[in-house]
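Peer 1: how does the following fold in three dimensions:
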Amino acid sequence: MPPLVKIGAWENERFVGVVLFGRGANNAIGKEFGLTQTEACELVRVALHKHFFPVSKIGALAVRWLKKHSPGIRLIVSYADEQQGHIGGIYQAMGWIYVGKSQGSVEFFHEGRWKHSREVTSGAFGGCRKVKDISALPKRKTIGKHKYLMPLDEEMRSLALKLAKPYPKKHASVSSEALEVHSKVGGAAPTRTLQSKDIRNV
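Peer 2: As a prediction, the model looks like this:
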């Protein structure tokens, strides 16, 4: 799998957005599950314009596409940032397994937004100017993010289920939460886009 995979979504021949999978900010994203860097990835963003089909359906189709075309991937990880008011309604609607919160980290304010230190220093995701010295940048400590897993084989599913916890909730309904849309640009060559007939067949 390339550093960043872009799977486009189309409805009735109209481009409505993209689902991004990548290696994320964590170099050892699969280590705690006994996986190498090539066996686990992160669902980095779901970025959609006005669309008809539910985000969960578009996301599920993208996961299916990734599994077919990257057979070495055994686990997908994703996060929901409670500091941004997100609890992961998209992942709940897709049936992902919730395993609690990740550890907090340090973020730096760079190019108009808060970023993980690795993104700032390495230019991760392809859309960031590298910074050699981040000591002058404003920084903040973050609380852990809600962590969700999508296992792609039975062994990983059995492992993930042992870690499963009840889904987090907030006052808003999960159905409205499922409309969360993350925006982020990436730099890898795009994959084949999803056609309207693909979405109709889900």
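
Peer 1: in a helix, Ala60, correct?
Peer 2: Yes - counting by DSSP: H, G, I helix; E, B strand; the rest coil, one finds Ala60 located in a helix.

Peer 1: could you report the pLDDT at it?
Peer 2: With respect to pLDDT, Ala60 scores 95.

Peer 1: wait, it touches Trp96, no?
Peer 2: No - counting by CB atoms under 8 Å, Ala60 stays clear of Trp96, with 10.0 Å between them. Backbone N, C-alpha and C define where each C-beta goes, glycine included.

Peer 1: more crowded one of those two?
Peer 2: Trp96 (24 against 17; other CB atoms under 10 Å).

Peer 1: excluding its backbone neighbours, what's nearest that one?
Peer 2: In space, and not counting its chain neighbours, Trp96 is closest to Tyr148: 4.1 Å by CB to CB, 6 or more residues apart in numbering.

Peer 1: how near is the one you found to Thr38?
Peer 2: 21 Å (CB to CB, to the nearest Å).

Peer 1: okay, these two: which has more neighbours?
Peer 2: Neighbour comparison, Tyr148 and Thr38: the larger count goes to Tyr148, with 24 against 13 (by other CB under 10 Å).

Peer 1: how about that one, what does it touch?
Peer 2: Tyr148 sits next to 77-80, 88, 91, 96-99 when contact means CB atoms under 8 Å, 6 or more residues apart in numbering.
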